[in-house]
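Visitor: Pasted the sequence and its predicted model underneath.
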Amino acid sequence: MTTTAVPAPARKSPLDGIRITFPNVVRSEWVRFRSLRSTWITMLLTVAIVIGFGALSCLGAVSHDRGAEVLRPDFDATLRSLVGTFFAQLAFGVLGVLVVTGEYSTGMIRATFTAVPRRLTVFLARLTVFALASFVVLVPTAVVTFLIGQSILARDGVDTTLGAPHVLRAVIGSALYLVAIGLLGMALGWLIRHTAGAIFALVGVLFVVPLIIVFMPRPWPDRLEKWLPGGAGQAILHTVRDHDSLAPWTGYGALMLYVAVVLLVAAVLLRARDV
Amino acid sequence: MAGESDVVIEMTGLTKRYGDKTAVDDLTVTVRPGVVTGFLGPNGAGKSTTMRLIVGLDRPTKGNVTVNGRRYDELAAPLHEVGALLEARSVHSGRSARNHLLALATSHGLGPSRVDELLELVGLTEVARKRVGAFSLGMGQRLGIAAALLGDPAVLLFDEPANGLDPEGIRWIRQLLRRLAADGRTVFVSSHVMSEMALIADHLVVIGRGRLIADLPVDEFVRRGTRHQVRVRSPRLTELVSLLSGPDVSVRSLADGAIEVDGMTSDAIGELAASHGLPLHELSPVGVSLEDAFMELTGGAVEYHAEVPE
């Protein structure tokens, strides 16, 4: 034991010069994203639901009495093959939640922000990785679903092709819609910081609020439903437009606006709060 | 970097309140480079909160803290300047040890080879691909230390590193801390166990209820805390007692007929007795342990007292 503090000579380290950069943090976020089993399970579940329910619903359409549904002028063959998107949104929103709250519940968040104390850098890098990885998985998923669905609908000759008007937009739209819901889950995760609480909020926004609105007196259900995050965002999946639904990009824009607002509030609080 | 300045961590009036509870109260402390500074205080004294404030996890209510002259979140490469082992578990249980370290390393542009080096260093190579959730407390602590050392930092913050470890693990940590200090690194290590500190620290910062109680070299702490007491037995006690006088000397008689002299060394008493031809049957210094010194210093600052039956 020494009593006098002898100043240390300047330490030379082979690691002098390393630093945090945004691309480095994106790499770090990618390692996190790919190294959890829950990521892959939830992704796989989403893909299975989108494809499975799409195929099932197309089988349902052709097995019904001829002339009923499929021959109506507003039959939307594209939408029909993509309906699995609506069932998969919960799974995918939960993935968005878990990517954030998994770190809070385990304590990992402390290691995260000790390594990279600029919290918004982490916030943006995680958002980037999640959006890109999701899009890369979900676009092929939507195309496959569409092709399977159309091959089933072809039995009744009511199928369509990717080249038909609005079809490509709707197919890509399936991926875009799910990415938006995933980002909403992330935003709620940052905001609420508890897995159960954030999932509860997500279910509330996507499923409970629309139910409440359905039971409101007329004409409020029709007026409000299309402006809810789910109802608005789903407009992008339609190739045949309901008279009272929003235009595809208007609807998707509204959903993204809601998501952006929640993300913004989450980012502001993330900076201000203790970890 | 270390060496350029004589202050590594600087806290100025650092204060943190949670609601109406003050966890850290107006702490002004400087941690100097190249030595081991022990951060000592009873449980609940605010040590962990101080650590969290240093690395920017919590924002101070008042005052500020800098590392190498900058706020922690302004450091270009935090992992290279400060390695932190926090008290609370900070690992995702679903990830493997290797991927956990890789996730942290890549944020600073470090790759798998650096991760493997550290797994080797802390002895986790065998279990590198196992999920951290299945790790024992000791393995978890080793992983935390690997994470702290990833960026080869000049400053190390260890919050209760020995917590929950078996004796072998405690010895390992102690040797590691000594080695890190011998490399010229600055080590700031908290503990609520005084004897632990005496073995590794050069300097001590003692807090209680969030306030600074002492900031001094270990030797001085020991000297200041240790009173000289000597137990004496003699057939001619009354004569001896009359000789023992001085401004700081007090004598207390014990139940077994011996006396306890406070404020004189055993050497002095022995020589005094000899020069007057007084026989002594016992002359034994009664040591005051570091624990006693620590207890005395922080006695009023413990948040929750347990009643100790006499």
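Guide: Received the coordinates, thanks.

Visitor: Which positions in the stretch 201-310 of chain B make contact with chain A?
Guide: B:Ala201, B:Asp202, B:His203, B:Pro217, B:Val218, B:Asp219, B:Glu220 (CB under 8 Å from any CB of the partner chain). Any C-beta I mention is one placed from the backbone N, CA and C, and that applies to glycine too.

Visitor: In JSON lines: those, plus neighbour count and distance to B:Ser90.
Guide: What follows is those, written out as JSON lines (neighbours: other CB atoms under 10 Å in any protein chain shown; distance: CB to CB, whole Å):
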{"residue": "B:Ala201", "neighbour count": "26", "distance to B:Ser90": "24"}
{"residue": "B:Asp202", "neighbour count": "21", "distance to B:Ser90": "28"}
{"residue": "B:His203", "neighbour count": "25", "distance to B:Ser90": "27"}
{"residue": "B:Pro217", "neighbour count": "18", "distance to B:Ser90": "32"}
{"residue": "B:Val218", "neighbour count": "22", "distance to B:Ser90": "29"}
{"residue": "B:Asp219", "neighbour count": "15", "distance to B:Ser90": "35"}
{"residue": "B:Glu220", "neighbour count": "13", "distance to B:Ser90": "35"}
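
Visitor: Where does B:Asp215 sit: helix, strand or coil?
Guide: Local secondary structure at B:Asp215 is given as strand here, using DSSP: H, G, I helix; E, B strand; the rest coil.

Visitor: Settle this for me: it is touching B:Phe221, isn't it.
Guide: No. With contacts defined as CB atoms under 8 Å, B:Asp215 does not count as touching B:Phe221, sitting 9.8 Å away.

Visitor: okay, those two: which has more neighbours?
Guide: Between B:Asp215 and B:Phe221, counted using other CB atoms under 10 Å in any protein chain shown, the more crowded position is B:Phe221 (25 against 16).

Visitor: Quick check: chain neighbours aside, which residue is closest to that one?
Guide: Closest residue to B:Phe221 in three dimensions, ignoring its sequence neighbours and counting by CB to CB, 6 or more residues apart in numbering or on different chains: B:Leu204, at 5.2 Å.

Visitor: For A:His243, see how far away B:Thr50 is.
Guide: Between B:Thr50 and A:His243 the distance, using CB to CB, to the nearest Å, works out to 64 Å.

Visitor: ok, these two, which is more surrounded?
Guide: More crowded of B:Thr50 and A:His243, by other CB under 10 Å: B:Thr50, with 29 against 5.

Visitor: what about B:Leu272, neighbour count?
Guide: Look at B:Leu272: counted by other CB under 10 Å, it has 14 neighbours.

Visitor: List the beta-bridge partners for B:Arg233.
Guide: The bridge-partner assignment for B:Arg233, based on DSSP bridges, gives B:Glu282.

Visitor: for it, what are its contacts?
Guide: For B:Arg233, the contacting residues are B:Gly257, B:Ala258, B:Ile259, B:Leu280, B:His281, B:Glu282, taking CB atoms under 8 Å, 6 or more residues apart in numbering or on different chains as the criterion.

Visitor: what's around A:Arg11, how many residues?
Guide: Summarising burial for A:Arg11: neighbours were counted as other CB under 10 Å, giving 18.

Visitor: same check, this time on A:Gly84
Guide: Using other CB under 10 Å as the criterion, the residues surrounding A:Gly84 number 25.

Visitor: so the nearest residue to it once chain neighbours are set aside is in which element?
Guide: Distances taken as CB to CB, 6+ apart put A:Phe53 closest to A:Gly84, at 3.4 Å, once the chain neighbours are dropped. Per DSSP states H and E: A:Phe53 is located in helix A:37-63.

Visitor: for that helix, packing partners?
Guide: Helices and strands touching helix A:37-63, as assessed by 3 or more CB pairs under 8 Å, 6 or more residues apart in numbering or on different chains; DSSP states H and E, comprise helix A:77-82, helix A:84-106, helix A:119-153, helix A:167-192.

Visitor: May I ask you to name the longest helix in chain B?
Guide: The single longest helix within chain B, with elements called by DSSP state H, is helix B:167-182.

Visitor: which residues are in contact with it?
Guide: When contacts are taken as CB under 8 Å, 6+ apart, the neighbours of helix B:167-182 outside the stretch itself are B:34-36, B:138, B:141, B:145, B:156, B:158, B:161-162, B:165, B:187, B:189, B:196, B:199-200, B:202.

Visitor: next helix or strand past it?
Guide: Scanning forward in sequence from helix B:167-182, with DSSP H and E defining helices and strands, the next element found is strand B:186-191.

Visitor: hmm, back to that, please narrow the contacts of helix B:167-182 to those residing in strands.
Guide: B:Val36, B:Leu156, B:Phe158, B:Val187, B:Val189 (DSSP state E).

Visitor: Now flag whichever of those is closest to chain A.
Guide: Using CB to the nearest CB, B:Val36 comes nearest to chain A of those, at 9.2 Å.

Visitor: per-residue pLDDT, that closest one?
Guide: We have a pLDDT of 92 for B:Val36.

Visitor: Kindly report the residues of the stretch 151-275 of chain A close to chain B.
Guide: Proximity of the stretch 151-275 of chain A to chain B (CB under 8 Å from any CB) is limited to residues A:Ala272, A:Asp274, A:Val275.

Visitor: and the last one, how many residues sit next to it?
Guide: Residues contacting A:Val275 under the criterion other CB under 10 Å number 19.

Visitor: Could I get the full set of helices for chain B?
Guide: B:47-54, B:78-81, B:97-106, B:112-121, B:137-149, B:167-182, B:194-200, B:218-225, B:237-243, B:266-275, B:290-298.

Visitor: Which other helices and strands does the fifth one contact?
Guide: Helices and strands in packing contact with helix B:137-149 are listed as strand B:82-85, helix B:97-106, helix B:112-121, strand B:155-159, helix B:167-182; criterion 3+ CB pairs under 8 Å, 6+ apart.

Visitor: The same query, at a cut-off of 6 Å, please.
Guide: strand B:82-85, helix B:97-106 (3 or more CB pairs under 6 Å, 6 or more residues apart in numbering or on different chains; DSSP states H and E).

Visitor: In a markdown table, list these along with distance to A:Ile172, mean pLDDT and mean neighbour count.
Guide: Converted to a markdown table, those look like this (distance: least, CB to CB, whole Å; pLDDT from 0 to 100; neighbours: other CB atoms under 10 Å in any protein chain shown):
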| stretch | distance to A:Ile172 | mean pLDDT | mean neighbour count |
| --- | --- | --- | --- |
| strand B:82-85 | 44 | 95 | 26 |
| helix B:97-106 | 31 | 97 | 26 |
